[in-house]
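[1] What follows is a predicted structure for the sequence shown.
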Amino acid sequence: MSKLNIIQKVLEVIQESTVSDGTINNNCGKADSRAATLTNDTEDEQLIKGLSRDFAKAINNRDFERLDGRAEYHLYTVDHLIELFKNNDEQSTIKLFIENKIKSKYEDCEFLSITFSVDLEQAEVVYNVRTCVVSAVDKYFKELNKKNNKKNRISAGIPFRTKYELLVKKEKGTWKIDKYKSSEYRNP
């Protein structure tokens with residue numbers, strides 16, 4: 001994929017997050033004032049938790065029959081988007097879900113820590129996400145369990161937890177995901 005094609009794809013994603021009045025839709029990463037009053041979290045912590053939940057929902061609420069391979073793209077920094085387009089992430093995601101007939105759903109998440117940089121412009125988020133693979137072909141479950149060293153066997157309809165670590169950064173005043181990784185799956 002050429003640099004021009006990558007830039008065009010990134011611009012498409014940014015434009016897709018534009019609302020009808022032409023402004024950028026930055027609802028992700030915006031604090032709900034009601035939620036902030038219920039916790040002792042700072043506004044930035046609330047923003048980051050909202051972004052993290054939106055990310056978990058986007059990547060775990062997927063159905064091969066109605067699949068959006070870019071469901072979470074509006075949550076990423078421009079630099080991360082460029083990497084995804086270079087690696088054909090959208091096509092890989094679609095292929096994985098369609099070939100394996102995967103239907104999954106997000107259930108909830110539990111935040112373990114949010115650690116800010118000194119300048120408060122980035123943070124590391126560690127949290128557990130509970131997910132359920134509603135259905136998939138047997139081959140998919142075998143591969144999933146093989147990668148998991150057959151610990152905590154995963155099967156259709158049984159929720160499991162995955163630990164995520166996100167690096168989030170402020171981009172033009174809005175928290176965005178710059179990098180992430182997930183660890184082994186565990187039963188709740």
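    Received, thanks.
[2] For the residue nearest the centre of the chain, list the residues it contacts.
    Nearest to the geometric centre of the chain sits residue 55, at 3.0 Å (CA atoms, centre = their mean). Listed by CB atoms under 8 Å, 6 or more residues apart in numbering, the contact set of residue 55 reads 72, 75, 166, 177, 180. For every residue, glycine as well, the C-beta is placed using N, CA and C.
[3] The third one: what secondary structure?
    Using DSSP: H, G, I helix; E, B strand; the rest coil, the structure places residue 166 in strand.
[4] Next: the fourth one.
    For residue 177, the secondary structure call by three-state DSSP comes out as strand.
[5] That one pairs with what?
    residue 76, residue 168 (DSSP bridges).
[6] The residue nearest to the centre of the chain falls within a strand, correct?
    No - according to three-state DSSP, residue 55 belongs to no strand; its state is helix.
[7] How much space separates it from residue 65?
    22 Å (CB to CB, to the nearest Å).
[8] And residue 59, by the same measure?
    On the measure of CB to CB, residue 59 and residue 65 end up 17 Å apart.
[9] who's more crowded, the two?
    Per other CB atoms under 10 Å, whichever of residue 59 and residue 65 has more neighbours is residue 59, with 19 against 9.
[10] correct me, but that one touches residue 73?
    No - with contact defined as CB atoms under 8 Å, residue 59 and residue 73 do not form a contacting pair (10.7 Å).
[11] Just the CA coordinates for stretch 104-114, please, in PDB.
    Provided in PDB are the C-alpha atoms of stretch 104-114 (Å, rounded to 0.1, in the frame of the first residue of the first chain):
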ATOM      1  CA  SER A 104     -18.700 -12.300  20.100                       C
ATOM      2  CA  LYS A 105     -20.000  -9.900  22.700                       C
ATOM      3  CA  TYR A 106     -18.600  -7.500  25.300                       C
ATOM      4  CA  GLU A 107     -19.800  -8.000  28.800                       C
ATOM      5  CA  ASP A 108     -17.900  -5.600  31.100                       C
ATOM      6  CA  CYS A 109     -14.600  -4.400  32.300                       C
ATOM      7  CA  GLU A 110     -12.600  -3.900  35.500                       C
ATOM      8  CA  PHE A 111     -10.000  -1.200  35.700                       C
ATOM      9  CA  LEU A 112      -6.800  -2.200  37.500                       C
ATOM     10  CA  SER A 113      -4.700   0.900  37.000                       C
ATOM     11  CA  ILE A 114      -4.200   4.200  35.100                       C
END
